[in-house]
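Participant: I would like to see how this sequence folds:
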Amino acid sequence: MTLSLTEVNALKRPPAVEGVLPVIHERWSPRAFSDREVSSADLHRIFEAARWAPSSNNEQPWRFLVGLRNTQTHSSIAAALAGYNHDWAPKAPVLILGMTRSRTVRRDAPNAYALYDLGAAMAMLVLQAQALGLATHQMGGFAHAAIRQSLGIPELWVFGSVTALGYQAEPAALASEEMIAREVAPRTRKPLSELAFTAWEEPATLGG
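Facilitator: Just a heads-up that it's a prediction; the model follows:
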């Protein structure tokens with residue numbers, strides 16, 4: 001018998017660290033989404049959070065196509081999903097295609113930080129969604145050419161990810177045992193000693 005929604009969320013949550021916002025530890029990327037719709041008020045809050053992300057020279061190069069269930073945008077994004085993503089993600093009531101302008105507005109020059117800035121905006125978006133009790137799952141597995149053609153997106157815009165957004169469902173709602181196994185697997189992260197350094201290959205000494 002698989003874990004319940006409550007049990008899997010408890011399993012995925014790492015030990016609390018004093019001073020770290022709980023919403024950061026609570027966020028993970030489920031694949032099981034319920035049919036419950038996301039309110040327009042919550043969508044407004046989520047994109048408002050993304051709007052205030054930092055960006056190089058305040059270019060704010062990001063743009064989001066928001067596909068709501070039963071719209072052509074949702075259908076076009078869902079149709080472009082690849083592999084396992086096509087099996088579970090279309091069930092989410094909202095599919096978001098994140099993209100970024102590859103050239104600056106001010107000087108019409110290549111923007112080397114455009115994808116970095118989009119990532120910052122997406123981080124704000126998923127944390128705000130988590131704070132509202134919503135789940136998100138970002139995906140890189142989608143057919144870029146197909147989605148560009150079906151949605152009429154100019155080449156100037158570079159894709160980041162597709163994000164499924166909605167309310168989490170029980171793991172048992174997933175279609176296969178393999179996906180359920182992924183859903184209930186414990187989360188892992190590298191230790192800080194492999195991530196933060198004071199010099200090359202010299203781990204930083206951090207309190208905690």
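Participant: for stretch 103-112, buried residues please.
Facilitator: 103-104, 111 (16 or more other CB atoms under 10 Å). From N, CA and C alone the C-beta is placed, and that goes for glycine too.
Participant: contacts for stretch 29-39, please.
Facilitator: 5, 8, 69, 88-89, 91-94, 134-138, 164-174, 179, 182-183 (CB atoms under 8 Å, 6 or more residues apart in numbering).
Participant: please apply the same query to stretch 166-176.
Facilitator: So stretch 166-176 is in contact with 2-5, 8-9, 30-34, 36, 38, 87-88, 92-94, 133-135, 180, 183-184, going by CB under 8 Å, 6+ apart.
Participant: buried ones among these?
Facilitator: For the contacts of stretch 166-176, buried by 16+ other CB under 10 Å: 3, 5, 8, 30-34, 38, 88, 92-94, 134-135, 180, 183-184.
Participant: from those residues, which land in strands?
Facilitator: Using DSSP state E, 94, 135 are the members of the buried ones among the contacts of stretch 166-176 that sit in strands.
Participant: so where's the protein shaky on pLDDT?
Facilitator: In the predicted model of the chain, residues 1, 208 satisfy pLDDT under 70.
Participant: max-length strand in it?
Facilitator: strand 157-166.
Participant: what residues sit buried inside that one?
Facilitator: For strand 157-166, by 16+ other CB under 10 Å, it's 157-166.
Participant: can you list the residues you listed in JSON lines and add distance to residue 78?
Facilitator: Output for the buried residues of strand 157-166, formatted as JSON lines (distance: CB to CB, whole Å):
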{"residue": "157", "distance to residue 78": "20"}
{"residue": "158", "distance to residue 78": "21"}
{"residue": "159", "distance to residue 78": "15"}
{"residue": "160", "distance to residue 78": "17"}
{"residue": "161", "distance to residue 78": "14"}
{"residue": "162", "distance to residue 78": "9"}
{"residue": "163", "distance to residue 78": "13"}
{"residue": "164", "distance to residue 78": "10"}
{"residue": "165", "distance to residue 78": "13"}
{"residue": "166", "distance to residue 78": "13"}
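Participant: CA atoms only: put stretch 197-208 into PDB for me.
Facilitator: Taking Å, rounded to 0.1, in the frame of the first residue of the first chain, the C-alpha atoms of stretch 197-208 are listed here in PDB:
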ATOM      1  CA  PHE A 197      33.800  27.000  -0.500                       C
ATOM      2  CA  THR A 198      36.200  29.700   0.700                       C
ATOM      3  CA  ALA A 199      38.700  28.800  -2.000                       C
ATOM      4  CA  TRP A 200      38.800  26.200  -4.800                       C
ATOM      5  CA  GLU A 201      38.000  22.800  -3.200                       C
ATOM      6  CA  GLU A 202      38.300  24.300   0.300                       C
ATOM      7  CA  PRO A 203      34.800  23.900   2.000                       C
ATOM      8  CA  ALA A 204      33.600  26.900   3.900                       C
ATOM      9  CA  THR A 205      33.200  26.600   7.600                       C
ATOM     10  CA  LEU A 206      29.600  27.400   8.300                       C
ATOM     11  CA  GLY A 207      27.800  27.600  11.600                       C
ATOM     12  CA  GLY A 208      24.900  25.300  12.300                       C
END
